[in-house]
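Novice: only the shape, not the letters, is given here:
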């Protein structure tokens, strides 16, 4: 009730509760029954949050009122065992009889910034390119907030719950043709039905929009958690991996990878190859970055002799290494970095340039943050399909630079500079983006 | 020169530079030559930072003065190729003739808080249990600072450089019997010589002190970076893995894992088994934590019926799952968590308890931070070998809670509460600690 007010939902909202009949909630008159609701406007959606055992009865009453969609928030169904399973069957029967489509039960429902509906307080009201289908209310909620912190907005988020009626396929269908959705993302624990249809639909969808799936419940105990969670059996992760390969789905392993992959798809261009140039200060860190990039599928090929010679003009030989990884010892200041990146932008076989960013370049009064970010991005021409990637560890942020760091993040994203917190995160995301590009090419 | 003053080194320090003879640096008289140095006190250590080609000559002069140890900071030797290799041979000849032992060349030297020597500004002057041997000056420096931020101090750090004389084995020998050192850690790219001796010495050392090795340069391009870096060839990572298995060495993959492993060894007890109980709010996050723990070798077994029944007394059935992972829905507040952890502390087959910590528990005025941290730790008896592990993502720290978060970290460590930033980090470190325990047992 509070969120409808908070988000300024434009239609009428009717609270129904026999206990509070005639009283006011959030300035609205409480109705004692569904049958007593006014008939002047058709009701688009019913949100049901009553004890599970009463829900079949409620569905029947909604049917009599001509309501076509119900989101059942209540839990206490198949996720609790046999009796709950029985209750679900009853619920579905009533829904079918009454031509009502059900979202849930046991789910958080819908977040739709354009439609001014949200399942939590203080969500963004800006509509964005990302759709999220989640078989976990907790993850739906987490992602809604994480989007704000990670610089992207949602077209819609839907929490699926037990999927007794509307299921993952229905929403995949919907988001495929939803003009507001540019990227479809999912948290999936199991498929209740329709594995072949799912694969077929994914194949068609990935040609048009990237689909990122986080598969939860990978091993045995995970399965047991999944079973308790949404009352289904989880598929083997190997199966999901081969499915991803067939369909062009980008599979991720956890929440952090999901966020990073979405940012990657939004900010970076699909690279021609998985070659990366690594720019750093010292030899030890250079070896580490190379190790991490290679461990997750990237390649670190030598810079051309021509390119090295150009760099050698202003970087001394001692304590430097210009083949790749490029190490600059004490010569890795801002203006040298920009010069080197300009040269690397011309290297024909390098599609990705990874550089560490010195926070002093935006906290110091010597530099203008806008100029710094722009000059980084401008080292590659915008019509090339090259990427600039920044490594930046924000976890050590000092109190006095928190605001500046936040400002830097916003500017970086605005200008198309992708920031990762580790080489591992960068390599994993970039490899997956390259792999998706390969899939798209193979389908042409 | 500055750091000797900064750290209050107690002996005399003599700057030598013919260009500035008779002038003052840092309030000290500059000598024009080594031969002109006073003879009243024997010289313990010479630090050489002159162009590489002059160093053999300098070593000879030091020999005439009776100096026994030299740290050569200069670079430009075998890491640059053939000519540099030749120079190294010359240098070593001169050192042998003059009975001088050399650290380096191409290295940062020594950080010894007790001895008041350090290679950078603002290092901690508190001596601690961790020794670090680093085949990278950059990583030696990074680690010295990271220790401060990560809550531990060093006995000594040594940067090895090209190891033409004193090498990794010498320092392993030394730290094995150094009473200030409780944990020996290393960053290694390659072994110059003595592979068998290294393995033998490691086997003997790990029985007495944990040895953590970060092997840098794992694949091809890494090798090329290593070659340029310290002028050697890197061994295959597979070889290092089997070496670690034989010797009880704890192998880590990167800098972050190194830090987390050191904290783990310092704060946690070696667990009897790799079983972990996972406490969390919702089903989706529970599945994720389980996935991550299992992916890195931990096991998530069911809680006993007896334990579950005890928890059921105060946690309602709907929206919860008490088998493991344990999900509490909206019932995961502070006092419930403490009650659950007390019950889990009595579960015979659970050696590790992982819980997410709500920052509100220390930022709110309702709670006293000291009490919160203590009550978490006290849920297990201190003479048990059980561990409590906290998941805590500090990267989203708000400006107004940065100080409180810092305070929380300090307190948590003080009371023995280990904090990780991800389930992955926790699982990797905990598995490695358990594995080290298994090695120790097998050696008894």
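Specialist: Cool, the structure landed. Given the structure is predicted, the values throughout are model-derived calculations rather than measurements. Numbering: from 1, shown residues only, chains lettered A, B, ... in the order given.

Novice: and stretch A:66-83, which residues are buried?
Specialist: In terms of neighbour count (16 or more other Cβ atoms under 10 Å in any protein chain shown), stretch A:66-83 has its buried residues at A:67, A:69-80. Using the backbone N, CA and C atoms, a C-beta is placed for each residue, glycine as well.

Novice: that one: end-to-end distance?
Specialist: This stretch, stretch A:66-83, spans 29 Å end to end (Cα to Cα, to the nearest Å).

Novice: how far off centre is that stretch?
Specialist: Mean C-alpha position of stretch A:66-83 versus that of the full chain (Cα atoms, centre = their mean, to the nearest Å) differs by 26 Å.

Novice: can you check stretch A:116-126 too?
Specialist: Centre-to-centre, stretch A:116-126 and its host chain are 16 Å apart (Cα atoms, centre = their mean).

Novice: are it and chain B in contact anywhere?
Specialist: No: judged by Cβ under 8 Å from any Cβ of the partner chain, stretch A:116-126 and chain B are separated, with a smallest distance of 12.7 Å.

Novice: what is the neighbour count of residue A:96?
Specialist: 14 (other Cβ atoms under 10 Å in any protein chain shown).

Novice: check which helix or strand covers it.
Specialist: Under the criterion of DSSP states H and E, residue A:96 resides in helix A:82-97.

Novice: kindly report the same for residue A:337.
Specialist: Going by DSSP H and E, residue A:337 is in helix A:334-344.

Novice: immediately after that helix, which helix or strand?
Specialist: Counting by DSSP H and E, what follows helix A:334-344 is strand A:352-356.

Novice: mind listing what's buried in the helix or strand just after that next one?
Specialist: Under the assignment DSSP H and E, the closest C-terminal helix or strand after strand A:352-356 is helix A:360-363. With burial defined by 16+ other Cβ under 10 Å, the residues of helix A:360-363 counted as buried are A:361, A:362, A:363.

Novice: how about stretch A:368-375?
Specialist: The neighbour-count check on stretch A:368-375 (16+ other Cβ under 10 Å) flags A:369, A:372, A:373, A:375 as buried.

Novice: quick check on residue A:416: phi, psi?
Specialist: Taking degrees, to the nearest 10, you get phi 90, psi 30 for the backbone angles of residue A:416.

Novice: average pLDDT for the host helix or strand of residue A:56?
Specialist: Assigned by DSSP H and E, residue A:56 belongs to helix A:55-64. Mean per-residue pLDDT for helix A:55-64: 96.

Novice: do the same with stretch A:151-165
Specialist: 96.

Novice: stretch A:284-299 now?
Specialist: Stretch A:284-299 shows a mean pLDDT of 93.

Novice: what do you get for stretch A:171-183?
Specialist: Taken as a whole, stretch A:171-183 has a mean pLDDT of 98.

Novice: quick one: end-to-end distance for it.
Specialist: In stretch A:171-183, first residue to last residue: 13 Å (Cα to Cα).

Novice: quick one: pLDDT of residue A:17?
Specialist: For residue A:17, the pLDDT comes out at 96.

Novice: could you find the closest non-adjacent residue to it?
Specialist: Distances taken as Cβ to Cβ, 6 or more residues apart in numbering or on different chains place residue A:30 nearest to residue A:17, at 5.7 Å, with adjacent residues excluded.

Novice: what's near enough to touch that neighbour?
Specialist: The contact partners of residue A:30, by Cβ atoms under 8 Å, 6 or more residues apart in numbering or on different chains, come to A:15, A:16, A:17, A:20, A:21, A:22, A:23, A:24.

Novice: pLDDT at it, what is it?
Specialist: Residue A:30 is assigned 97 on the pLDDT scale.

Novice: and what of the one 4 residues further on?
Specialist: Note on residue A:34: pLDDT of 96.

Novice: one more: residue A:396?
Specialist: Residue A:396 is assigned 48 on the pLDDT scale.

Novice: got it, and the one 10 residues further on?
Specialist: Residue A:406 is assigned a pLDDT of 81 by the prediction.

Novice: burial check on it, number of neighbours?
Specialist: A total of 15 residues lie near residue A:406 under the criterion other Cβ under 10 Å.

Novice: now swap in residue A:2 and tell me
Specialist: There are 9 residues near residue A:2, going by other Cβ under 10 Å.

Novice: doesn't residue A:26 make contact with it?
Specialist: Yes: applying Cβ atoms under 8 Å, one finds residue A:2 in contact with residue A:26, separated by 6.5 Å.

Novice: closest to residue B:58 among the buried residues of helix A:360-363?
Specialist: residue A:361 (38.0 Å; Cβ to Cβ).

Novice: might one say that the closest one is in contact with residue A:372?
Specialist: Yes: between residue A:361 and residue A:372 there is a contact under Cβ under 8 Å: 5.0 Å.

Novice: quick one: low-confidence ranges for chain A?
Specialist: The model of chain A has pLDDT under 70 over residues A:219-235, A:393-400.

Novice: helix, strand or coil: sort out the residue located most distally from the centre of it for me.
Specialist: Using Cα atoms, centre = their mean, the residue of chain A lying farthest from its centre is residue A:318. It sits 44.5 Å away. Classification of residue A:318 by DSSP: H, G, I helix; E, B strand; the rest coil places it in coil.

Novice: so what's it up against?
Specialist: By Cβ under 8 Å, 6+ apart, the contact set of residue A:318 is A:329, B:75, B:76, B:80.

Novice: want to throw those into TSV with distance to residue B:95 and secondary structure?
Specialist: Shown next, in TSV, are the contacts of residue A:318 (distance: Cβ to Cβ, whole Å; DSSP: H, G, I helix; E, B strand; the rest coil):
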residue	distance to residue B:95	secondary structure
A:329	25	helix
B:75	17	coil
B:76	17	coil
B:80	20	helix
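
Novice: for the residues you listed, which one is nearest residue B:249?
Specialist: Proximity of these to residue B:249 (Cβ to Cβ) peaks at residue B:75, which lies at 29.1 Å.

Novice: surely the closest one and residue A:317 touch.
Specialist: No: using Cβ under 8 Å, residue B:75 is not in contact with residue A:317, being 10.1 Å away.

Novice: test my guess that residue A:336 contacts residue A:328.
Specialist: Yes: using Cβ under 8 Å, residue A:336 makes contact with residue A:328 at a distance of 6.5 Å.

Novice: the more surrounded of those two?
Specialist: When residue A:336 and residue A:328 are compared for neighbours, residue A:328 comes out ahead with 22 against 15, by other Cβ under 10 Å.

Novice: who's in contact with residue A:298?
Specialist: Residue A:298 is in contact with A:274, A:275, A:276, A:352, A:427, A:430, A:431, counting by Cβ under 8 Å, 6+ apart.

Novice: now the first one. Nearest residue, chain neighbours left out?
Specialist: Put plainly, it is residue A:274. Distance criterion Cβ to Cβ, 6+ apart; nearest residue to residue A:274, sequence neighbours excluded, is residue A:434 at 4.6 Å.
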